[in-house]
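Chemist: got a structure for you, letters missing:
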């Protein structure tokens, strides 16, 4: 948000494009592929761990923790 982008545009992109695309990739592809190789719980744990680790590059502790909690929740939902 430091670049001065419009909050509404960013919010709408996150809601309708970025969020669904991420979940299609992480749950529909990554977790599904891991599920073919590991148990259901194993695939959930690995998908959540990788999803969390991807957010480490942000160096934002709250974002990393949110990714972990949301990753667990979305894995359970999937």
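Modeler: Structure received. Keep in mind that this is a model prediction, so the values were computed, not measured.

Chemist: how about the longest helix belonging to the chain: buried residues?
Modeler: Taking DSSP state H as the criterion, the chain has its longest helix at helix 61-77. For helix 61-77, the neighbour count (16 or more other Cβ atoms under 10 Å) marks 64, 67, 68, 71, 72, 74, 75 as buried. Just so you know, the C-beta spots here come from the backbone N, C-alpha and C atoms, and that holds for glycine as well.

Chemist: What I need now is those written out in CSV, including distance to residue 33 and pLDDT for each item.
Modeler: CSV is the format used below for the buried residues of helix 61-77 (distance: Cβ to Cβ, whole Å; pLDDT from 0 to 100):
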residue, distance to residue 33, pLDDT
64, 24, 93
67, 19, 91
68, 20, 95
71, 16, 91
72, 19, 93
74, 16, 90
75, 13, 92
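
Chemist: Looking at the residues you listed, which is nearest residue 19?
Modeler: Ranked by distance to residue 19 (Cβ to Cβ), the buried residues of helix 61-77 are led by residue 74 at 10.3 Å.

Chemist: got the contact list for that closest one?
Modeler: The neighbours of residue 74, taking Cβ atoms under 8 Å, 6 or more residues apart in numbering as the test, are 23, 26, 27.

Chemist: quick check, nearest of the residues you listed to residue 51?
Modeler: residue 26 (5.5 Å).

Chemist: The closest one against residue 47, yeah?
Modeler: Yes: using Cβ atoms under 8 Å, residue 26 is in contact with residue 47, at 6.3 Å.

Chemist: higher neighbour count, these two?
Modeler: residue 47 (25 against 20; other Cβ atoms under 10 Å).

Chemist: contacting residues around that one?
Modeler: 26, 27, 30, 31, 34, 71, 75 are the contacts of residue 47 under Cβ under 8 Å, 6+ apart.

Chemist: ok, and the closest non-adjacent residue to it?
Modeler: residue 31 (4.0 Å; Cβ to Cβ, 6 or more residues apart in numbering).

Chemist: Sounds good, over and out.
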